[in-house]
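**Student:** Structure, please.
(one chain, ligands or ions: 1)
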Amino acid sequence: MSDKPNPAAQPRSIVILTGAGISAESGVPTFRGPDGLWEGHRVEDVATPEAFARDPDLVQSFYDARRAALGGVKPNAAHQALGRLDAAFDGDLLIVTQNVDDLHERGGARRLLHMHGELLRASCTVCGVRQPAPAVLREGAACESCEAGGTLRPDIVWFGEMPHGMGHIEAALADADLFVSIGTSGAVYPAAGFVRTAAAYGARTLELNLEPSEGTALFDEARHGPATRLVPAWADEILGCNSPPGRAPNPD
Ligand code: BV8
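**Tutor:** The predicted model follows:
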């Protein structure tokens, strides 16, 4: 039996996992839309080291286009609600995002970890140092830190590559008494397994998603609808501004 206090009342340590669904209402395409294509590409053709080795131009152009598109999108009410929660919640909080856009930062999140990398960063193909990305990588950009004249690739974790920050994430999951998954299909590991890890350490688990994810049965509770409606309401619950759905507000 977990010795953690009932987090439904007031969690003291929260881990939040977000996926493409939290940015969908900002106009950023999700990965597994109805046509199964991702901005006109098969994932295997643009999001693997083999694809990059086979056709670096195609892969660099794909990420250059997505980097350029960031200028045309803005954080939505869900990003802003997590920014508000981050500023006001005085317990431990870690927002782990699978997303590579910068909408969480622009929405005010600070305690944030991009486990799949960031569109606005690049890494050196020789020394591996992660650094700010120039607007365009396709024409070839030199690494700013190594003498070996390494060229830059997108700082994106492709399939088959190790996600960033796994030690930090695992420690946070072990300590969490509440794990919340927002806007992710639960299709990609190791992120899709975080709910099991958190539950095994005694955390309460909550899914906020447009529709049931592949792992929805693993959650103690699931609420389905658009993130811009569910996330602000949930953040207000945590900050004590309103009661969870289905429960009468506290009489006193
Ligand atoms: C690794 C690049 C080793 C970034 C991405 C067989 C079984 C199990 C695992 C594997 C297997 N074979 C291979 C693997 C491992 C593999 C994997 O999981 N493959 C899957 C396909 C089976 N994983 C890896 O290779 C990972 N690395 O395993 O390394 C390792 C690991 C740990 C420790 C040691 C060694 C690397 C994975 C990262 C790959 N990179 N993309 C980029 O270009 O952007 S993954 C890609 O999918 C994105 O990063 C994205 O984050 C991720 C998950 O997608 P979602 O974010 O969930 O998006 P999706 O479209 O799927 O779903 C959106 C959801 O939002 C939907 O549910 C929808 O209903 C909802 N939604 C939509 N609108 C809204 C909404 N919700 C709320 N409101 C709305 N308005």
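**Student:** Nearest to the ligand: which residue in the stretch 1-150 of the chain?
**Tutor:** Relative to the ligand, the nearest point of the stretch 1-150 of the chain is residue 21 (2.2 Å; Cβ to the nearest ligand atom). Bear in mind the C-beta positions are built from the backbone N, C-alpha and C, glycine included.
**Student:** what about that residue, neighbour count?
**Tutor:** Neighbour count of residue 21, defined by other Cβ atoms under 10 Å: 24.
**Student:** Quick check: phi and psi at the residue lying closest to residue 239 once chain neighbours are set aside.
**Tutor:** Nearest non-adjacent residue to residue 239, counting by Cβ to Cβ, 6 or more residues apart in numbering: residue 88, 5.5 Å away. Note on residue 88: its backbone torsions stand at phi -100, psi -20 [degrees, to the nearest 10].
**Student:** What about residue 88, how many residues nearby?
**Tutor:** With other Cβ under 10 Å as criterion, residue 88 counts 12.
**Student:** switch to numbering from 56
**Tutor:** In the new numbering, first residue 56, that becomes residue 143.
**Student:** Pull the contacting residues for the residue of the stretch 56-205 of the chain closest to the ligand.
**Tutor:** By Cβ atoms under 8 Å, 6 or more residues apart in numbering, residue 76 lies in contact with 85, 237, 238, 239, 240, 264, 265, 282.
**Student:** Figure out how far stretch 266-275 is from the centre of its chain.
**Tutor:** 17 Å (Cα atoms, centre = their mean, to the nearest Å).
**Student:** Quick check: closest non-adjacent residue to residue 297.
**Tutor:** Counting by Cβ to Cβ, 6+ apart, residue 297 lies nearest to residue 291, which is 4.8 Å off, once chain neighbours are set aside.
**Student:** Mind jotting down where the strands sit in this protein?
**Tutor:** Assigned by DSSP state E, the chain shows strands spanning 68-73, 147-152, 167-169, 172-179, 185-187, 207-211, 233-237, 259-264, 276-279.
**Student:** Now distance to residue 115, mean pLDDT and mean neighbour count too, for those, in a markdown table please.
**Tutor:** Converted to a markdown table, the strands of the chain look like this (distance: least, Cβ to Cβ, whole Å; pLDDT from 0 to 100; neighbours: other Cβ atoms under 10 Å):
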| stretch | distance to residue 115 | mean pLDDT | mean neighbour count |
| --- | --- | --- | --- |
| strand 68-73 | 26 | 98 | 26 |
| strand 147-152 | 23 | 98 | 23 |
| strand 167-169 | 19 | 98 | 21 |
| strand 172-179 | 10 | 97 | 21 |
| strand 185-187 | 16 | 94 | 14 |
| strand 207-211 | 7 | 97 | 23 |
| strand 233-237 | 30 | 98 | 26 |
| strand 259-264 | 32 | 98 | 24 |
| strand 276-279 | 37 | 98 | 15 |
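**Student:** near the ligand, which residues of the stretch 106-255 of the chain?
**Tutor:** By Cβ under 6 Å from any ligand atom, the residues of the stretch 106-255 of the chain that approach the ligand are 153-155, 171, 211-218, 221, 238-240, 242-245.
**Student:** Residue 287 against residue 132, yeah?
**Tutor:** Yes - using Cβ atoms under 8 Å, residue 287 is in contact with residue 132, at 5.4 Å.
**Student:** which of those two has more neighbours?
**Tutor:** residue 287 (20 against 17).
**Student:** Quick one: residues contacting that one.
**Tutor:** With contact set as Cβ under 8 Å, 6+ apart, residue 287 has these partners: 132, 133, 135, 136.
**Student:** Please flag which of these sit within helices.
**Tutor:** Counting by DSSP state H, the part of the contacts of residue 287 found in helices is 132, 133, 135, 136.
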